[in-house]
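Novice: only geometry, no sequence info:
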Ligand code: ADP
């Protein structure tokens, strides 16, 4: 049943929290290169699904396959990160006393040590990579600023840059535009599209205006499984979706 270009395949997933089934019988598939939005009412299981994909939560049943053959349920969180799945949580995890560039450097090298020696050991290729991602997240002019002095939106972009610089194959983002100003939100949507030229992304999003503006394909979750899937237009016209969101 393997499909060419399929990056993630989930079959009959169940997640049990002390007898409560947060995910029940969920099937989900994602192709390489997709920018997929996950929506659905509070408690639908969206965050839990991301938690399963990054190994933070272990399912009680079901298959979670990455690149057709890697069974993610058999791996720990740090191994899954090394396999190429990057997860951004809502709370930022940047080093506020370091500069933007130093944050990127630490994330790229993934080692501790004296910053000065890390900088000295950086190869031309790595410098180019840092420049490339600095440009992508729009922070070139702030590369020497302390991360703590950035705006809320800029901190989020830096964190996305820190994930990107590790070049994951799949990026998992939980409400990337939460708490942002309108113009930051707009830039975040544009950033997602830029990233999706190279990486596959799953975005959990509550802000429906944001989803309408930037989503191509949407998966609607409800009570721990997939309710429907399609373009925003298609899911908006779906009777089941109207029922769940509006109680009709
Ligand atoms: P969503 O992200 O769609 O709002 P979640 O995945 O956060 O939904 O949660 C799905 C359900 O699982 C909710 O009812 C939530 O209360 C429950 N849940 C999530 N995490 C835990 C946990 N660690 N322990 C117990 N229940 C949890």
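Specialist: That came through, no problem. Since the model is a prediction, treat every value here as computed from it, not as a measurement.

Novice: can you list the residues that contact the worst-scoring helix or strand of the chain on mean pLDDT?
Specialist: Scoring the helices and strands of the chain by mean pLDDT, DSSP states H and E places helix 115-120 at the bottom, with a mean of 71. The contact list for helix 115-120, computed with C-beta atoms under 8 Å, 6 or more residues apart in numbering, reads 98, 102, 105, 106, 109, 111. (C-beta placed from N, C-alpha, C; glycine too.)

Novice: the same query, at a cut-off of 6 Å, please.
Specialist: Residues outside helix 115-120 that contact it (C-beta atoms under 6 Å, 6 or more residues apart in numbering) are 102, 105, 109.

Novice: please enumerate the strands of this protein.
Specialist: For the chain, the strands defined by DSSP state E occupy 6-17, 20-31, 35-39, 61-66, 70-71, 85-88, 170-174, 200-204, 217-222, 225-231.

Novice: export these to CSV and tack on mean pLDDT?
Specialist: Converted to CSV, the strands of the chain look like this (pLDDT from 0 to 100):
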stretch, mean pLDDT
strand 6-17, 97
strand 20-31, 97
strand 35-39, 96
strand 61-66, 96
strand 70-71, 94
strand 85-88, 93
strand 170-174, 96
strand 200-204, 97
strand 217-222, 95
strand 225-231, 95
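
Novice: so which bits of the chain are right by the ligand?
Specialist: Counting by C-beta under 6 Å from any ligand atom, the chain comes close to the ligand at 17, 20, 22, 40, 42, 43, 44, 45, 46, 47, 48.

Novice: dump the strands of the chain to a markdown table, plus mean neighbour count.
Specialist: As requested, these are exported to a markdown table (neighbours: other C-beta atoms under 10 Å):
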| stretch | mean neighbour count |
| --- | --- |
| strand 6-17 | 18 |
| strand 20-31 | 18 |
| strand 35-39 | 22 |
| strand 61-66 | 18 |
| strand 70-71 | 12 |
| strand 85-88 | 22 |
| strand 170-174 | 23 |
| strand 200-204 | 24 |
| strand 217-222 | 22 |
| strand 225-231 | 17 |
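
Novice: got those as CSV, with distance to residue 161 columns?
Specialist: Formatted as CSV, the strands of the chain follow (distance: least, C-beta to C-beta, whole Å):
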stretch, distance to residue 161
strand 6-17, 22
strand 20-31, 23
strand 35-39, 17
strand 61-66, 23
strand 70-71, 26
strand 85-88, 11
strand 170-174, 11
strand 200-204, 14
strand 217-222, 25
strand 225-231, 29
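
Novice: on that earlier part again, now the contacts of helix 115-120 in TSV, with neighbour count and pLDDT?
Specialist: Formatted as TSV, the contacts of helix 115-120 follow (neighbours: other C-beta atoms under 10 Å; pLDDT from 0 to 100):
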residue	neighbour count	pLDDT
102	18	91
105	20	90
109	16	78
